[in-house]
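*Asks:* give the three-dimensional model of this entry:
(one chain, ligands or ions: 2)
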Amino acid sequence: WYVDKNVDEYNPTVMEIGDRLRKGEVIAFPTETVYGLGANALDSNAVRKIFEAKGRPSDNPLIVHIASFEQLNELVTHIDEKSKQLMARFWPGPLTIIFPSKGKISELVTSLPTVAIRMPDHPIALAIIRAAQVPIAAPSANRSGKPSPTKAEHVWSDLHGRIDGIVDGGNTGYGVESTVIDVSGDEPVILRPGGVTIEQLEEVIGEVEIDPALVHKGEKPKAPGMKYTHYAPDAEMWLVQGEEEKVIQEINRIVKEKSLEGRRVGVLTTKDHQDRISETAYKVLAYGNKDDLTPFAANVYDALRQFDKDKIDFILAEAFPETGIGLAIMNRLKKAAGGNILKV
Ligand code: TXA
Ligand code: MG
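*Replies:* Numbers count the residues shown, from 1 in each chain. Ligands and ions are numbered 1, 2, ... in the order given. I've put the predicted structure just below:
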């Protein structure tokens, strides 16, 4: 279905999609972060289809999407002060909060005593959830391990024939997934960096930690999904990190070396550096700039998919400071590169 951004839950197409979801179909729709693959969170048969379509490991719990605070009360046993402050500031929006579960949702959504919940800031997503009249479990609508989808065509290429439908609402906004936070302990912990930055969170609830497993290898991440390799393009990929001039020099040196070996080299950088990348690179993709990485986040998954489409077999990407949205971008790039970082 093509759905316009100015819809509400009374739009006939949205009502049909809502009905189908409530009755157990799995349907992909846009959110402000990435496309989600939705199913009725109360219906185990529907939720099972999500795992089958994605090829997702069953120990990786799903985020439940809601459109009202009444829905939240039905799903959780307790809402603490910090969660209230966060919801007041960031909902609807790209922040997922871990709550103690009442156990009303399917145990396939989460087998933990907790449930991850968010209220998306996207008119189509909100209209569909309202029309469905049930909470909607929705992981990113990609095959497990592939870059998350930021366009309907990404969903199509990964999942057509495996799901009941796709709602095309154009490109998503942020381009990286929601931030996942657990505020149940003494100090709030970010389980997955995302659209809401650590700086924004700290303005509201004071000091916030990042799950140590995201920084040091070998520890077990608190969000089960973070242990998997992810977002992986087909090509070998390396991040190049260091002082700006040296990074550009090193990228160009490797571009030339690998091109001479007959490899198709792709470079992922920012607009400030685009014109300085060696012409021997097969493909250069550039988004945003040093002072504003928002466009980079919005396009990073599409870039990885474009490299795949062009049969690029060696990708070099510029590394960024891990502040603001740079933290989420670097988390995704490191995963895409399988941890390959070249420090110069
Ligand atoms: O932006 C987003 O969050 C997108 C859109 C569609 O809303 N959804 C998304 O879902 O990224 P998914 O399934 O790809 O990622 C969910 C993450 C995983 O890392 C999972 O392990 C974690 O949230 N998670 C879910 N429930 C959890 C829980 N109860 N405790 C800890 N982590 C949880
Ligand atoms: Mg995902």
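*Asks:* how many other residues sit next to the residue of the stretch 151-300 of the chain found nearest ligand 1?
*Replies:* For the stretch 151-300 of the chain, the residue closest to ligand 1 is residue 225, as judged by Cβ to the nearest ligand atom, at 2.5 Å. Yep, even glycine has a C-beta here, placed from its N, CA and C like the rest. Residues near residue 225, counting by other Cβ atoms under 10 Å, number 22.
*Asks:* would you say residue 308 is within a helix?
*Replies:* Yes: checked against DSSP: H, G, I helix; E, B strand; the rest coil, residue 308 lies within a helix.
*Asks:* please report how far it lies from residue 97.
*Replies:* Separation of residue 308 from residue 97 (Cβ to Cβ, to the nearest Å) stands at 34 Å.
*Asks:* neighbour count winner among the two?
*Replies:* residue 97 (29 against 18).
*Asks:* residues contacting that one?
*Replies:* By Cβ atoms under 8 Å, 6 or more residues apart in numbering, residue 97 lies in contact with 83, 86, 87, 116, 117, 118, 181, 182, 183.
*Asks:* again, but for residue 92
*Replies:* 119, 120, 121, 122, 126.
*Asks:* which SS class is it?
*Replies:* Applying three-state DSSP to residue 92 yields a three-state assignment of coil.
*Asks:* secondary structure element for the nearest residue to it once chain neighbours are set aside?
*Replies:* The shortest distance from residue 92 to any residue other than its chain neighbours is 3.9 Å, reached at residue 121 (Cβ to Cβ, 6 or more residues apart in numbering). According to DSSP states H and E, residue 121 maps onto no helix or strand at all.
*Asks:* and what of the one 10 residues further on?
*Replies:* Element membership for residue 131, per DSSP H and E: helix 123-132.
*Asks:* which strands and helices sit next to that helix?
*Replies:* Using 3 or more Cβ pairs under 8 Å, 6 or more residues apart in numbering; DSSP states H and E, the elements in contact with helix 123-132 are helix 12-22, strand 27-29, strand 36-40.
*Asks:* go with 10 Å
*Replies:* Judged by 3 or more Cβ pairs under 10 Å, 6 or more residues apart in numbering; DSSP states H and E, the packing partners of helix 123-132 are helix 12-22, strand 27-29, strand 36-40, strand 63-65, strand 136-137.
*Asks:* correct me, but residue 241 touches residue 330?
*Replies:* Yes: Residue 241 lies in contact with residue 330 (Cβ atoms under 10 Å); the separation is 9.1 Å.
*Asks:* so between the two, which is more surrounded?
*Replies:* Here residue 241 and residue 330 are compared on neighbour count by other Cβ under 10 Å; more neighbours surround residue 330, at 21 against 18.
*Asks:* quick check: the more buried one vs residue 40, distance?
*Replies:* The spacing between residue 330 and residue 40, counted by Cβ to Cβ, is 35 Å.
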